[in-house]
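[1] Sequence first, then the predicted structure:
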Amino acid sequence: MAVAVALPALSLLLLLAPWPISSSPVQDPELVVQEVHKSIANATRNRRSLGYLSCGTGNPIDDCWRCDPNWEQNRQRLADCAIGFGKNAVGGRDGKIYVVTDSGDDDPVNPKPGTLRHAVIQDEPLWIIFQRDMTIQLKEELIMNSFKTLDGRGASVHIAGGPCITIQFVTNIIVHGLHIHDCKQGGNANVRDSPRHYGWRTISDGDGVSIFGASHIWVDHCSLSNCNDGLVDAIHGSTAITISNNYMTHHDKVMLLGHSDTYTQDKNMQVTIAFNHFGEGLVQRMPRCRHGYFHVVNNDYTHWEMYAIGGSANPTINSQGNRFVAPEDRFSKEVTKHEDAPESEWKNWNWRSEGDLLMNGAFFTPSGAGASSSYAKASSLGARPSSLVGTITTNAGALACRKGSRC
C-alpha cells in the first residue's frame, strides 16, 4: 500500500517503474461506508448541539476546515478532512508551499519556475497555491508527480481551453478549488513528468481529470464542465478515490470509473462519490461503473438526459441519501442503467438504493442483494436525509474564499 514515507526512494521508484502504483483494496468496503456514516452523523450532531453558534453545515468535509477564519495560514489542514475511500490522500501536506506566479505553459519539456507545470513535476511533496486569479491554458496534459496538492482557494483559477490534469501511475494527489473546463485533447508531443524524465505522449482523451493506474486521490470543490471526453475518469487499476463537493454541468459522459468490461484489475477500484451537485446540461454517466465498489452518498442530481448511474461487468453500487430529480422526458425517468448484459446476468449485480429521494417520477432499479426484501441495512443509514441534500450541496464547486474570513 502506498504510504507517505521514504519520499526520495518512492520518487525514484516512480521514475523507474512503468507499472501502476497499486493500492490494496479495503477488504471490507462496508467498513469504510460505516466510517462515512459516522463522519456525517458527527457533523450533524455538532451542528445541532452548537445551534446558531455553529458555522457548520452538516457536511463533514467542509465542517472540518471552513469554519477556520485563518484557513490561509492552515491550508495543509485540509488534507486531514477527506472521508471515504480517498481519505488517506495526503497530497502535499508534509511538504513546502509552492506559489504559482506565472500562468504560462510555453514549454512542456522545460517548464519555467513559477508555472503550474514546474510545480507538479517536482519529486518532493508540495502544496501548490496560486498568487492571484489566473486562467491557465495548457499546451499539453499536466502530468502530475506523487504527493501534490493543487489548492485554488483564495484565487479564481481556471484550467481551460487546452489539455487538462493527468494523474497517471502516481499516488497521493489532492485537487481542490479549481475551475476545470473546455478541456481538449493533447499529445503527439514530449511532456515532462519529473525533473529527470520526459517522454512522448500519444493522443490524450481530453478529460478534465484523468486518473490512470493511480491511488489515494481526492478531487474536492472543483467546478467542471464541457470537456472533450470525461469530467473525471478513473481507469486502469486506480483505487482509493474520493470525489466530493464538485459542481458538474454542461457535459455528456460525466464520469467513467473502470476501463473496460475485460479489464478485471479494476475489481480493486473503490470510490466514494459524496456531496456533489450534478447540474444542468448533463446527459449520462454520473458515474458509469465497472467491476469495483462505488459508494454514492448525499449527491444532488438535478439534471440528466439519458440516465444518472450506470454500469457493467458486475460493479457494486451503494446509493444512499441522494436526491434524484428526473427529467420531463417520460422515457428517461430511470436513474439506473444496467449496461452490456441481459437481465438474467445483471439481476445478480449488487445495486442498492437506501434513503434516496426520487422526484418527478424518478425510479431506481435495484439488483442482486440490493433488490432483496431481506436487505435490512437501511435502518442503520448514516447518510444525511435526502431531503437535506440541497443544503449540503449548496456550496458544491469551487468556493470564493477570501483571506482572513471563513470560507
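    Everything's here; your move.

[2] Pull the residues that contact the biggest helix by length in the chain.
    Using DSSP state H to define each element, the chain has its longest helix at helix 29-50. For helix 29-50, the external contacting residues (CB atoms under 8 Å, 6 or more residues apart in numbering) are 26, 54, 56-60, 63, 83-85, 87, 270, 272, 274, 293, 295, 297-298, 316, 318, 320, 380-384. Every residue, glycine included, has its C-beta placed from N, CA and C.

[3] ChimeraX command for the buried members of the residues you listed?
    Command for ChimeraX that selects the buried part of the contacts of helix 29-50, burial taken from 16 or more other CB atoms under 10 Å:
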select :26,56,57,58,59,60,63,83,84,85,87,270,272,274,293,295,297,298,316,318,320,381,382,383,384
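
[4] so of the contacts of helix 29-50, which ones are in strands?
    Residues of those located in strands (DSSP state E): 270, 272, 274, 293, 295, 297, 316, 318, 320.

[5] Widest-spaced pair of those residues?
    274 and 316 (16.3 Å; CB to CB).

[6] just to confirm, which helix or strand has residue 216 in it?
    Taking DSSP states H and E as the criterion, residue 216 maps to strand 215-220.

[7] Show me what that strand is packed against.
    Secondary-structure packing of strand 215-220 (3 or more CB pairs under 8 Å, 6 or more residues apart in numbering; DSSP states H and E): strand 171-176, strand 239-244.

[8] That one: how far from the chain's middle?
    6 Å (CA atoms, centre = their mean, to the nearest Å).

[9] Report all helices and strands that whichever helix or strand comes after it contacts.
    Using DSSP H and E, the helix or strand that directly follows strand 215-220 along the chain is strand 223-225. Secondary-structure packing of strand 223-225 (3+ CB pairs under 8 Å, 6+ apart): strand 179-181, strand 247-249.

[10] Name every strand pairing with the first one and say which way it goes.
    Applying DSSP bridges to the sheet, strand 179-181 is found paired with strand 157-160 (parallel), strand 223-225 (parallel).

[11] Could you dump those into JSON lines with distance to residue 110, mean pLDDT and mean neighbour count added?
    What follows is those, written out as JSON lines (distance: least, CB to CB, whole Å; pLDDT from 0 to 100; neighbours: other CB atoms under 10 Å):
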{"stretch": "strand 157-160", "distance to residue 110": "20", "mean pLDDT": "98", "mean neighbour count": "24"}
{"stretch": "strand 223-225", "distance to residue 110": "29", "mean pLDDT": "98", "mean neighbour count": "25"}
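
[12] between those, which one is nearest to residue 265?
    Set against residue 265 and scored by CB to CB, the strands paired with strand 179-181 come closest in strand 223-225, at 26.0 Å.

[13] so how far is residue 191 from the closest residue to residue 392 other than its chain neighbours?
    Leaving aside its chain neighbours, residue 392 sits nearest to residue 59 (5.0 Å; criterion: CB to CB, 6 or more residues apart in numbering). Distance from residue 59 to residue 191, counting by CB to CB, to the nearest Å: 36 Å.

[14] ok, now how distant is the nearest residue to residue 336 once chain neighbours are set aside from residue 340?
    With sequence-adjacent residues excluded and distances taken as CB to CB, 6+ apart, residue 336 is closest to residue 365, at 4.8 Å. Separation of residue 365 from residue 340 (CB to CB): 15 Å.

[15] Equivalent analysis for residue 82, please.
    The value you get for residue 82 to residue 340, if CB to CB is used, is 32 Å.

[16] Looking at those two, which one has more neighbours?
    Ranked by neighbour count (other CB atoms under 10 Å), residue 82 and residue 340 place residue 82 first, with 26 against 13.

[17] which ones are touching the more buried one?
    Residue 82 sits in contact with 61, 88, 89, 174, 218, 220, 242, 244, where contact means CB under 8 Å, 6+ apart.
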